[in-house]
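Asks: Can you look at this prediction? I've put the sequence above it.
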Amino acid sequence: PRAVRASMGAIFRLPAIEAGLERVLEDVKSLGCRVIGADVRNAVDYDTVDWTGPLALLLGGEGAGLPREAEAAIDLRVAVPMAPGVESLSVNAAAAVLLFTAARKRRAINRAG
C-alpha cells in the first residue's frame, strides 16, 4: 500500500506482472537486456557506464543487498560513490540517482544522433 501511494498514480500507467526473480531475470536476458546490479562489491562508478541500449536495473534491499539468486544474471555492478564515513544510501536514493543518470545519458545520445 505504501508503494502504491508513493507512486502517485504512476503504478497504474505501467504494465505489471507477478513472477519470481529467477523467471524475471530469464525473461530479461532472453530479450537481450544487460542486467546492471547496484552493489558496492566489485562495482564500477555509475557515471562511467554506458546506460544506452536495453537494460534492467536490479537493486537490492538496503541491508541485504542483491539477492543471491541474481548473481549469475548480473552483467555489470555499479556503485554510487559516497563521501568517506557515509555508510550507505537508501535504496530509494540510489535508484533515483541511477535512473536519472540513465535517462540523462539516453537524452544526450538522442540529441546528438
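Replies: Great, that's in hand. Numbering: from 1, shown residues only.
Asks: Point to the helix or strand of this protein where mean pLDDT is at its lowest.
Replies: Every helix and strand in the chain was compared by mean pLDDT, DSSP states H and E; the lowest is helix 2-6, with a mean of 81.
Asks: what about residue 25, how many neighbours?
Replies: 21 (other CB atoms under 10 Å). Heads up, the C-betas are built off the backbone N, CA and C, glycines and all.
Asks: The one 10 residues further on now?
Replies: Counted with other CB under 10 Å, the neighbours of residue 35 add up to 18.
Asks: Please tell me how far the spatially closest residue to residue 99 that is not a sequence neighbour sits from residue 77.
Replies: If the residues on either side of it in the chain are set aside, residue 99 comes closest to residue 57, at 7.0 Å by CB to CB, 6 or more residues apart in numbering. Using CB to CB, to the nearest Å, residue 57 is found at 11 Å from residue 77.
Asks: Find residues that contact each of the two.
Replies: 36, 38 (CB atoms under 8 Å, 6 or more residues apart in numbering).
Asks: mind listing what the residue positioned nearest the centre of the chain touches?
Replies: By CA atoms, centre = their mean, the chain has its centre lying nearest to residue 57, at 2.6 Å. By CB under 8 Å, 6+ apart, residue 57 lies in contact with 36, 38, 95, 98-99, 102.
Asks: could you redo the last one with a cut-off of 7 Å?
Replies: Residue 57 sits next to 36, 38, 98 when contact means CB atoms under 7 Å, 6 or more residues apart in numbering.
Asks: Kindly report the same for residue 88.
Replies: With the criterion set at CB under 7 Å, 6+ apart, residue 88 makes contact with residue 62.
Asks: Looks to me like it is in a helix.
Replies: No - using DSSP: H, G, I helix; E, B strand; the rest coil, the assignment for residue 88 is coil, not a helix.
Asks: sorry, back to before: what about the residue nearest to the centre of the chain, which SS state?
Replies: Residue 57 is classified as strand under three-state DSSP.
Asks: Pairing partners for it in the sheet, please.
Replies: Taking DSSP bridges as the rule, residue 57 bridges to residue 36.
Asks: Quickly note the distance from it to residue 5.
Replies: Distance from residue 57 to residue 5, by CB to CB: 23 Å.
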